[in-house]
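Student: Okay, predicted coordinates and the sequence, questions at the end:
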Amino acid sequence: QVQLVESGGGLVQPGGSLRLSCALSGSALADYPIAWFRQVPGKEREGVAAISSTDGNTYYTGSLKDRFTISRDNAKNTVYLQMDSLKIEDTAVYYCAAAAPRARIGIPRLQDYGSWGQGTQVTVSP
């Protein structure tokens, strides 16, 4: 079982940027598809972006690809989520998650991911 730890959350003004990090331990990141999800109180956790392990392809939910970029650095065992032009509605707890090793993935779906981090809070406010 891998462990995932998110960092980089915080308070930012609308229009600002943040970069979240997801550090994986217990195995080699290169084997794992990784996704970012987010959740606000009272709502279901929703997929944001995912990156495959085999070919590095990236997948985004809806129009988030216009402002968010997922990337991975296997040498550092870390996946990143660069978030630009942040909006108030991006406020949420952001989670990273790992799917089974070398699993085929697409747009992130909750049921495809079995290992989760504890989350990091992102607050977008004037």
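Tutor: On my side now, so go ahead. Numbers count the residues shown, from 1 in each chain.

Student: what are the phi and psi angles of the residue most central in space within the chain?
Tutor: Central residue of the chain (CA atoms, centre = their mean): W36, 2.1 Å from the mean position. Backbone torsions of W36, given as degrees, to the nearest 10, read phi -110, psi 140.

Student: thought it was touching L20?
Tutor: Yes: between W36 and L20 there is a contact under CB atoms under 8 Å: 7.1 Å. C-beta here means a position set from N, CA and C on the backbone, and glycine is covered the same way.

Student: where do the contact lists of these two overlap?
Tutor: Shared contacts of W36 and L20 (CB atoms under 8 Å, 6 or more residues apart in numbering): L81, Y94, C96.

Student: export those to a markdown table and tack on neighbour count and distance to I107?
Tutor: Output for these, formatted as a markdown table (neighbours: other CB atoms under 10 Å; distance: CB to CB, whole Å):
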| residue | neighbour count | distance to I107 |
| --- | --- | --- |
| L81 | 27 | 15 |
| Y94 | 23 | 17 |
| C96 | 30 | 16 |
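
Student: Appreciated, that's everything.
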